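A.B. asks: Got a sequence here, can you build the structure:
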Amino acid sequence: MPPFRSLAPRERQRLVQMTCKTIMHQARVLLSMPTNEEQPMQTNQSEPIRDHAGNVLGSIETQANGDQVLRNAQEEVRGYYESEGDFTRDADKNIVAKGNKLRSMIC
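C.D. replies: Prediction:
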């Protein structure tokens, strides 16, 4: 696209109008989005862990603060991830890894 000043006056006006319409559209979209205050905070989200055949091996429950709990298919706790310290603990709460390694602990 050529520099703005090299455009003919009518082309400049059209470009400005298109830009304004785009900005106004984006503003309307943003204003129509619900804020965090309007959305109820989900305290626990559970995500199933499946094998290649689709069988549920367990689940990872994510808490509102980012911490996670790993459970096997029998709902027994197998491990924990603490987001603040960024480490993984086993079922006895011993630190076993740096970072989130819960998925590797389900087997």
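A.B. asks: Now do the contacts for the residue most central in space within the chain.
C.D. replies: Using C-alpha atoms, centre = their mean, the residue of the chain that lies closest to the mean C-alpha position is residue 66, 10.5 Å off. Contacts for residue 66 (C-beta atoms under 8 Å, 6 or more residues apart in numbering) come out as 83-84. Using the backbone N, CA and C atoms, a C-beta is placed for each residue, glycine as well.
A.B. asks: next one: the one 3 residues further on
C.D. replies: Taking C-beta under 8 Å, 6+ apart as the criterion, residue 69 is in contact with 60-61, 63, 77, 79-81.
A.B. asks: how near is residue 68 to residue 89?
C.D. replies: Look at residue 68 and residue 89: by C-beta to C-beta, to the nearest Å, they are 11 Å apart.
A.B. asks: Give the intersection of the neighbour lists for these two.
C.D. replies: With C-beta under 8 Å, 6+ apart, residue 68 and residue 89 have common neighbours 80-81.
A.B. asks: With respect to residue 46, which of the contacts of residue 69 is nearest?
C.D. replies: Distance ranking of the contacts of residue 69 against residue 46, using C-beta to C-beta, places residue 61 first at 4.7 Å.
A.B. asks: any idea which helix or strand carries that closest one?
C.D. replies: strand 56-63 (DSSP states H and E).
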